[in-house]
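Asks: what's the 3D shape of this:
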Amino acid sequence: MSVAPQAPGRHLLIECSGPHAHLDAAALDALMRRAAAAGGAHVLASHMHAFGSGGGVTGVVLLAESHITVHTWPERDYAAFDVFMCGRCDAEAAAAVIAEAAGATVEIRSLERRTPAVAVSDPQGCAA
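Replies: I've put the predicted structure just below:
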């Protein structure tokens, strides 16, 4: 029985304090789309939700290669972005666009994501 190859992906956790926390939904959407383009990803859709006047924003840019998300807390001067990209996309290039626009303190942590090896005879990954 052969085993399917692993599909690597890079997941970056980006924590920002400063101006990002105060961007509105439209500005965050535009920033995340620029980041996706810089990483060579293909945007499928996006959705941003603003939590009222002075509240934060939660948003997602859905990519053919995974996603970019954001959650902001203006009252804490804090924004958290996730950049998860698979295939030939460059998650670091996408993160650089976000970090460059931040103009404040930025911390980036990286996770290597992989799919577990799955037997080809079990395409659902449910082998006992």
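Asks: in the longest helix seen in the chain, what counts as buried?
Replies: Assignment by DSSP state H gives helix 25-38 as the longest helix of the chain. Within helix 25-38, the residues scored as buried using 16 or more other Cβ atoms under 10 Å are 25, 28-29, 31-33, 35-36, 38. Backbone N, C-alpha and C define where each C-beta goes, glycine included.
Asks: any idea which helix or strand comes after it?
Replies: strand 43-50 (DSSP states H and E).
Asks: Helices of this structure, start to end?
Replies: Under DSSP H, the chain gives helices at 25-38, 91-102.
Asks: helices or strands up against the last one?
Replies: Counting by 3 or more Cβ pairs under 8 Å, 6 or more residues apart in numbering; DSSP states H and E, the packing neighbours recorded for helix 91-102 are strand 9-17, helix 25-38, strand 78-86, strand 105-113.
Asks: Can you tell me which of the ones you listed is nearest to residue 93?
Replies: helix 25-38 (4.7 Å; Cβ to Cβ).
Asks: what distance separates the closest one from the centre of its chain?
Replies: The chain centroid and the centroid of helix 25-38 are separated by 11 Å under Cα atoms, centre = their mean, to the nearest Å.
Asks: one step back: which one of the buried residues of helix 25-38 is nearest to residue 107?
Replies: residue 35 (16.5 Å).
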